[in-house]
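Undergrad: following is a predicted model, sequence given first.
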Amino acid sequence: MKKTLLLGLSVGFAGLSFGQCEIVGLDATMCYGAPPVTLDYTAGPDIAADAVVYSGPGVSGGVFDPTAAGLGTHTVTAVAPGLDYIMDEGISYDPIDITGGSVISLGDDAMSGFLPIGFDFAFFGEIQSEFQISSNGFITFDGSTDNGCCSGDFIPGGATPNNLIALCWEDLRPPSGGTIRYETVGTAPNRICVVEFESVHHYYSGFPITGRIQMYETTNCIEIHLQNQDASGSHTMGIENATGTTAYTPVGKNSASWTASNFAVSFCPPPGCEAEFEIEVVAAPNVSGAVDVDEICLGDEITLTASGTADEYYWGAEIEDGVPYVPTSVGENVFVVAGTDTESGCISSSLVNVYVHDIPNVYAGEDFSICEDMEFVLAGFGDEATYEWDGGVVDGEPMMQEAGSTTYTVTGTNAGGCEASSSITVESMEVPTGTGVVTMMTGVAYDGEIDFTPSGGTGGPYTFLWTNGATTEDITDLGVGTFTVTVSDGVCDSDVTFVVDSQASIALNELDNLKVYPNPVVDFVTVEFEGTYNWTLIDNAGKIVATGIANGKEQISMENLANGNYMMKVEVDGKQSTINVVKK
């Protein structure tokens, strides 16, 4: 078996020593649970720096994870290949079968698109992840459109194509027969990307070749397995770097006429350097954070506490362990407590989640004034919330207020249970009213009178508007009838009604079977008549104090009326009876 060490190496196998490099960026002591660390190293100029392979407990790719490594002392190793290759023409012919691989259809003198290798592959010290296939029996990594027609060039050579692996570079023609396919097989970190030419004809037809290029993960080795090549012409087998300045080819197979049967050759970069680094992974302290309440309203206090095996705990600026704190951010708040073991320097952390609900925006409205006999509505508005008023007020429902100033407070409660309040002051103004003395009509002339005396409200000046059109305080020359005055103080107004009757009709009794009892009255008076009737209760000043329509027996309250003489008038179909009633 023949092995060739090319370009004179300073490192290698079987007695050759590794070059020196150094792993950097790691601490000799790391904490269990600490974040993974990206590995790095320093090495000399003849090392494929991008192709270093790290190994050891907790190592995955180029990252060391102290948690995955576990507690204890561990050795991390870095091995980097050199920039040259060891070629071995004595390996066994043992091609990998990829019958089920992806078929690449190429015409004559054609290049495929970029195809994935499936892993990072170091070629002459440069990391490659994809390649192209030429129909003329080679693959390349440089993205060139040069398909290599129409014979195998001598390598190394400055002319394109470069950066290539040649299986059997010559003028091949896939449309005349044969199949080109590729597939990546195996599992990391030992995958193999295989490119196969199966029975691909030479131009124009005939002398088919079958062979495979095999690229190996981790070792970055290349193997060529050629089952047969029987055609004449300039054929090239081997590898060439990106600049066309360095190449490796089997003896006699570089732009020459040669044949082969079950031939195999490998190209492997030698180990460029190796480094080791010892790391002790120590236990981090146990840290647990807690909060007294995990859902609050903005402005409420929380108390954060930490426990565990750490020597020191730190929650962050403005937060002290066990001291009440007021969060300032609405929504999900995440508090992190870090616990430190002062001897090892290891830090562990724990998360505490607190949800802070916003306070609703609540507005009761602007203060206003209103007359005491007018209805008004109080309604809270702002953010979406449930609104409740004090003082028995129902949100959005009409209400009235006795004269005076009253402040109402509404409280809005949102879906988070948070509350806010707003107040409004309503000034209910007393309405003006008045009393009057009625002079009955004598029965022979319009000589009735109403002597009206206004009172209440703002105290005037008062204005008057009677139903007969008069605008004076008192009215005269009245006949029998009902007279209403609207008295106003310039802000509020009210109506006062009087009845002017004829002295001739005071004892009138035109209705049979009418009963009014008891008389005198203490609290309720009963009117009893068969059928429907109108009734009116008038005080001794001629002012109507109550009126209504009844059928049969009607009970009328007089309990809130002053003691004195009253007149009950009952009318049916133009007939009437008047009865004096005494309230005691």
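TA: Arrived safely.
Undergrad: distance of Met441 from Glu449?
TA: From Met441 across to Glu449, the span is 9 Å (C-beta to C-beta, to the nearest Å). Backbone N, C-alpha and C define where each C-beta goes, glycine included.
Undergrad: so what sits against both of those two?
TA: Leu478 (C-beta atoms under 8 Å, 6 or more residues apart in numbering).
Undergrad: tell me if I'm right that Gly308 and Ile347 touch.
TA: No - using C-beta atoms under 8 Å, Gly308 is not in contact with Ile347; the gap is 11.6 Å.
Undergrad: looking at the two, which one has more neighbours?
TA: A direct count of neighbours by other C-beta atoms under 10 Å for Gly308 and Ile347 places Ile347 higher, at 18 against 15.
Undergrad: still on that earlier bit, now the common contact residues for Gly308 and Ile347.
TA: Joint contacts of Gly308 and Ile347 (C-beta under 8 Å, 6+ apart) are 285, 339.
Undergrad: if we can go back for a sec, look at Met441 and Glu449 and report which has more neighbours.
TA: Ranked by neighbour count (other C-beta under 10 Å), Met441 and Glu449 place Met441 first, with 22 against 17.
Undergrad: bridging residues for the more buried one?
TA: Ser502 (DSSP bridges).
Undergrad: again with Cys273
TA: Gly19, Ala80.
Undergrad: now do the one 4 residues further on
TA: Going by DSSP bridges, Phe277 is paired in beta bridges with Val76.
Undergrad: show me what contacts it?
TA: Phe277 makes contacts with 23, 26, 75-76, 78, as judged by C-beta under 8 Å, 6+ apart.
Undergrad: so can I have CSV of the residues you listed showing neighbour count and distance to Gly339?
TA: Listed next are the contacts of Phe277 as CSV, based on neighbours: other C-beta atoms under 10 Å; distance: C-beta to C-beta, whole Å:
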residue, neighbour count, distance to Gly339
Ile23, 19, 30
Leu26, 18, 24
Thr75, 11, 30
Val76, 20, 27
Ala78, 24, 33
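Undergrad: and of these, the nearest to Ile370?
TA: Nearest to Ile370 among the contacts of Phe277: Leu26, at 80.8 Å, using C-beta to C-beta.
Undergrad: for that closest one, list the residues it contacts.
TA: 37, 39, 64, 76, 277, 279.
Undergrad: likewise Met374?
TA: Met374 sits next to Met400 when contact means C-beta under 8 Å, 6+ apart.
Undergrad: tell me the SS of it?
TA: coil (DSSP: H, G, I helix; E, B strand; the rest coil).
Undergrad: how far away is it from Gly380?
TA: Counting by C-beta to C-beta, the separation of Met374 from Gly380 is 21 Å.
Undergrad: any idea what the nearest residue to Glu397 once chain neighbours are set aside is bridged to?
TA: Spatially, and ignoring its direct neighbours in sequence, Glu397 is nearest to Val377 (6.9 Å; C-beta to C-beta, 6 or more residues apart in numbering). Counting by DSSP bridges, Val377 is bridged to Pro398.
Undergrad: contacting residues around Val377?
TA: The contact partners of Val377, taken as C-beta under 8 Å, 6+ apart, are 396-399.
Undergrad: quick one, grab the pLDDT at it.
TA: Note for Val377: predicted pLDDT of 96.
Undergrad: what do you get for the one 3 residues further on?
TA: Residue-level confidence at Gly380 comes out at 92, pLDDT.
Undergrad: if I read this right, it contacts Thr409, doesn't it?
TA: No - counting by C-beta under 8 Å, Gly380 stays clear of Thr409, with 9.8 Å between them.
Undergrad: neighbour count winner among the two?
TA: Set Gly380 next to Thr409 and count neighbours by other C-beta under 10 Å: Gly380 wins out with 25 against 15.
Undergrad: about what we covered before: between the contacts of Leu26, which is closest to Val496?
TA: Using C-beta to C-beta, the contacts of Leu26 come closest to Val496 at Val37, 95.6 Å.
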